[in-house]
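Asks: mind looking at a prediction? Sequence and model below.
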Amino acid sequence: MGHGTHENSADDTFSCRGMSCANKYLRHLVYYEAPLDPTELVELLRDRFEVEGLVDCGAVNYQKDMAAKGISTALWAYTVTFGNPVGGAKFLAVAPDAVIDMPIRVGICGDRSRSTLVCHNMSSLFAAHNESLRPLRQNMDQSIGSVKRLAR
């Protein structure tokens, strides 16, 4: 599975895919490629949440929802949400406004042969709420790491 990030890090730096990285929001997104169709990847992720100690908060199937409204050209895409109660409690104790970025969300889109998973860099996301949260990022990054391992 290929991966990358818009931030400078120890990971491979991912190209901006034609998007302007001047957009502060986009610079904090991380991308992963998986050799599965989007539905297969969503099912795999959701099956593993309990094993990883995560709470499955649901999935939105955009293609299905848009087809129900007569849109036949909808992208095969999902948003999957999950929580990490241990990590979340630590973040909320320091910065209650971090609740706006909970539960954790990952986007998945693709076609029959591959999917792209996109998520926030947790360190950057929560440090934006309170810089003292940066060292506590490990719990959230471990949750995202679980998702990334599953997508391989």
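Replies: Received the coordinates, thanks.
Asks: what count of nearby residues applies to Arg105?
Replies: Counted by other C-beta atoms under 10 Å, the residues lying close to Arg105 total 15. For every residue, glycine as well, the C-beta is placed using N, CA and C.
Asks: give me the low-pLDDT residue ranges for this structure?
Replies: Across the chain, the ranges flagged by pLDDT under 70 are 1-27, 134-152.
Asks: strands of that one, start to end?
Replies: 3-5, 29-34, 55-61, 76-83, 104-110, 115-120 (DSSP state E).
Asks: turn the ones you listed into JSON lines, including distance to Phe126.
Replies: Formatted as JSON lines, these follow (distance: least, C-beta to C-beta, whole Å):
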{"stretch": "strand 3-5", "distance to Phe126": "16"}
{"stretch": "strand 29-34", "distance to Phe126": "14"}
{"stretch": "strand 55-61", "distance to Phe126": "18"}
{"stretch": "strand 76-83", "distance to Phe126": "14"}
{"stretch": "strand 104-110", "distance to Phe126": "10"}
{"stretch": "strand 115-120", "distance to Phe126": "9"}
